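A predicted structure for the sequence below; I have some questions about it.
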Amino acid sequence: GFGNVGSYAALYITKMGAKVIAVSDSSACIVNENGLDVKALMEYTAKNRHVKGFPGATKEIDRNEVLTMDVDMLFPCALENQITSKNVGDIKAKIISEGANGPTTPEADEVLFNKGIVVIPDILANAGGVTVSYFEWVQNLMNYYWSFDEVQTKQEALMVKAFEEIWALKEEHKVDMRTAAYMMSIKRVATAMKLRGWY
């Protein structure tokens, strides 16, 4: 997917030094082993609505082939149930960061865990948008507004903290990150209910 989630994920990881070699949407999967120009692709899709035909690509392949390419990281950012028991055996990425809601089926999750592939679950990877919505609410309450850079800094601090806490829980209990994220969520709700005297 190369909508709001996929395009900005690609943009920010290139700013951090990564090379985006393939992008897929409903029209095609475009590839450039030397790296796609993400900014140019964002401009192209703003006008053309799809990645198909992007002049910075060296080839176009079937859109589903992006899932099984030999890459370090895979970002499923559009549809649910993209990674299933049918294609999980061909996944080569070492890390999967779920930008979409529910892109991995439970059956595929188990296979990925057993293969040692790290899956950053949607509940964590998608939390940035909700976090910034919270920041907007706080700013409106205070009638005091932050700059873009301030919001980015605050968001990064919270996201890094959340990732580190879930990673530590994953390591402690030898579970996958999705299970650790659920464990953390349930623990926080239970603690809040207990403190409020709800049980």
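Thanks, I have the structure now. Residues are numbered from 1 along each chain as shown.

separation between residue 138 and residue 130?
Noted for residue 138: a distance of 13 Å to residue 130, by Cβ to Cβ, to the nearest Å. C-beta: built from backbone N, CA, C; applies to glycine.

got it, and residue 92?
From residue 92 to residue 130 the distance is 31 Å (Cβ to Cβ).

so which of those two has more stuff around it?
Using other Cβ atoms under 10 Å as the criterion, residue 92 and residue 130 rank with residue 92 on top: 13 against 9.

which parts of this protein are helices?
Assigned by DSSP state H, the helices in the chain fall at 4-15, 38-48, 106-115, 122-125, 127-142, 148-173, 177-195.

quick one: low-confidence parts of this structure?
Scanning the chain for pLDDT under 70 picks out 199.

rerun at 90
For the chain, residues meeting the criterion pLDDT under 90 lie at 1, 4, 63, 126, 128-130, 191, 194-199.

quick check: domain ranges of it?
4-122, 124-196 (the TED database).

most centrally placed residue in this structure?
The C-alpha lying nearest the average C-alpha coordinate of the chain belongs to residue 99 (Cα atoms, centre = their mean; 3.2 Å).

who touches that one in this structure?
By Cβ atoms under 8 Å, 6 or more residues apart in numbering, residue 99 lies in contact with 1, 5-6, 9, 75-78, 122, 125-126.

please name the nearest non-neighbouring residue to it.
Distances taken as Cβ to Cβ, 6 or more residues apart in numbering place residue 77 nearest to residue 99, at 3.3 Å, with adjacent residues excluded.

in stretch 164-180, what's buried?
For stretch 164-180, a neighbour-count test (16 or more other Cβ atoms under 10 Å) marks 166, 169-170, 176-180 as buried.
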